[in-house]
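> The following comprises the amino acid sequence and a computationally predicted model.
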Amino acid sequence: MVEVDARAGRAPSVAASRALSAQAGRALVSVARYGNESTAAGTGLMSAADALPMPVAPTVDEAYAFCRRIAHRYGANFSVGFRFLPRRKRFAVYAAYAFCRWADDIADEGQQRAASGGRALDDWQRELEACYAGRPSHPITIALADALRFFDIPKAAFVALIDGCRQDLVKKRYATFEELLQYCRLVALSISDISLAIFGYGTQAAIDHGRSLATALQLTNVTRDIGDDLTRDRVYVPQDELRRFGVSEHDLFDRVEGDGLRQLIEFQIERAESYFRAAEPLLNELSFDSRFPTLLMGGVYATVLQRLRRNPLIVLRKRLSLTPLEKIGVILRRLIRPHFIET
């Protein structure tokens with residue numbers, strides 16, 4: 001079982017040598033990329049820095065509490081599964097999610113000014129370096145540095161995530177699916193590597209299966225957020241696939257709800273579901289206490305795809321989200337049939 005206790009050889013302490021104020025935190029990072037999953041397309045939420053009070057000189061427990069608030073506010077779908085993790089893994093996931101979320105926020109704040117966004121991401125990467133050196137100065141990295149005492153989370157995965165956010169500042173179109181997959185490898189697959197380091201797994205096969213699941217989640221986001229991304233002049237759906245289905249960018253931006261767009265979205269749904277199916281073996285590779293939480297995380301997103309199948313064109317009008325009752329249904333059904341995709 002690969003589940004490393006990283007206390008040996010890690011940074012000597014989690015001292016918050018220079019805790020950032022809320023104001024400094026806002027200067028470092030801002031607005032949310034994915035926002036509230038129930039928000040109508042294009043409205044979005046304030047960034048975590050603006051919406052949540054920043055603890056000043058927090059204890060480790062206060063830092064984790066801040067990360068938890070970020071996860072539950074901005075990752076409502078993911079956090080369904082988070083809640084079922086054992087405490088130490090749950091807290092580590094909160095810290096890792098918050099770090100990635102904060103980087104995502106920078107990409108959105110900096111979309112109008114790529115240079116300033118790039119500098120803010122440079123600052124956040126320097127904070128990552130300080131975190132791994134045992135000198136965190138931000139509530140999120142204080143929590144993350146503590147998590148590193150117990151889990152050998154690869155720094156390279158966070159760096160790749162930040163590189164993906166840098167790409168978001170300058171690249172807003174993807175010519176082919178292969179080009180989109182390259183972006184997924186930076187953003188989604190880094191999340192897989194971070195998660196597996198916390199969850200624990202049995203063999204190296206888990207890495208490929210975990211990356212299939214991460215890609216499925218990212219492709220679900222791409223499909224669900226088509227309308228919301230238009231407000232940021234981002235079109236993640238590959239350009240050659242738009243042409244194949246007879247959909248122009250003008251149609252997207254004018255929100256023309258035609259048959260071609262319906263078929264295009266149905267194609268995106270089918271492809272994302274194929275990645276969920278490819279990820280199924282992961283559930284038997286994970287440490288036992290991480291299997292059901294992972295099943296729920298994937299199951300919630302797979303259920304979003306099922307909902308989109310009923311009304312594909314809703315993506316132009318709102319970001320589809322599951323109600324609390326629907327999430328309870330996901331939990332109950334996965335207790336009976338432990339698969340990402342319901343058959």
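Nice, I can see it. Numbering: from 1, shown residues only.
> any idea how far stretch 326-341 is from the chain center?
21 Å (C-alpha atoms, centre = their mean, to the nearest Å).
> neighbouring contacts of it?
Where contact means C-beta atoms under 8 Å, 6 or more residues apart in numbering, the residues beyond stretch 326-341 that reach it are 80, 213, 216, 273, 276-277, 279-280, 283, 291-292, 295-296, 298-300, 302-303, 322, 342-343. No exception for glycine: its C-beta is placed from N, CA and C like everyone else's.
> Find the helix or strand that residue 125 is a member of.
helix 114-132 (DSSP states H and E).
> picking that back up, mind checking which of the contacts of stretch 326-341 land in strands?
Judged by DSSP state E, strands contain none of these.
> what about whatever helix or strand residue 306 lives in, distance to the chain center?
If you go by DSSP H and E, residue 306 is part of helix 288-310. From the chain centre to the centre of helix 288-310 is a distance of 14 Å (C-alpha atoms, centre = their mean).
> Can you dump the C-alpha atoms of stretch 254-270 in PDB for me?
The C-alpha trace of stretch 254-270 is given here as PDB (Å, rounded to 0.1, in the frame of the first residue of the first chain):
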ATOM      1  CA  ASP A 254     -25.300  34.500 -29.000                       C
ATOM      2  CA  ARG A 255     -26.500  31.500 -27.100                       C
ATOM      3  CA  VAL A 256     -28.300  30.000 -30.100                       C
ATOM      4  CA  GLU A 257     -29.900  26.800 -28.900                       C
ATOM      5  CA  GLY A 258     -29.900  24.700 -32.100                       C
ATOM      6  CA  ASP A 259     -29.700  21.000 -32.900                       C
ATOM      7  CA  GLY A 260     -26.000  21.100 -33.700                       C
ATOM      8  CA  LEU A 261     -25.200  22.500 -30.300                       C
ATOM      9  CA  ARG A 262     -27.300  19.800 -28.600                       C
ATOM     10  CA  GLN A 263     -25.500  17.100 -30.500                       C
ATOM     11  CA  LEU A 264     -22.100  18.700 -29.700                       C
ATOM     12  CA  ILE A 265     -22.900  18.700 -26.000                       C
ATOM     13  CA  GLU A 266     -24.200  15.100 -26.100                       C
ATOM     14  CA  PHE A 267     -20.900  14.200 -27.700                       C
ATOM     15  CA  GLN A 268     -19.000  15.900 -24.900                       C
ATOM     16  CA  ILE A 269     -21.100  14.000 -22.300                       C
ATOM     17  CA  GLU A 270     -20.500  10.600 -23.900                       C
END
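> quick one on the thing from earlier: elements contacting the helix holding residue 125?
Using 3 or more C-beta pairs under 8 Å, 6 or more residues apart in numbering; DSSP states H and E, the elements in contact with helix 114-132 are helix 22-28, helix 87-109, helix 139-147, helix 155-170.
> Show me which parts of that helix are buried, residue by residue.
Across helix 114-132, burial judged by 16 or more other C-beta atoms under 10 Å covers 117, 118, 120, 121, 124, 125, 127, 128, 130, 131, 132.
> same thing with stretch 224-231?
224, 225, 226, 227, 228, 229, 230.
> what's the distance between the second one and residue 74?
Taking C-beta to C-beta, to the nearest Å as the measure, residue 225 falls 14 Å from residue 74.
> Check which element follows the helix holding residue 306 along the chain.
helix 324-336.
> tell me the mean pLDDT over that next one?
Averaged across helix 324-336, pLDDT comes to 95.
> how big is the angle separating that helix from helix 288-310?
120 degrees (axes from the mean of the first three to the mean of the last three C-alpha atoms, to 10 degrees).
> can I assume residue 165 is in contact with residue 105?
No: counting by C-beta atoms under 8 Å, residue 165 does not reach residue 105; the two are 9.1 Å apart.
> Skipping adjacent residues, who's closest to residue 74 in space?
Nearest-residue entry for residue 74: residue 101, 5.6 Å, with adjacent residues in sequence omitted and distances by C-beta to C-beta, 6 or more residues apart in numbering.
> Now do that neighbour against residue 209, distance only.
Relative to residue 209, residue 101 is positioned 24 Å away (C-beta to C-beta).
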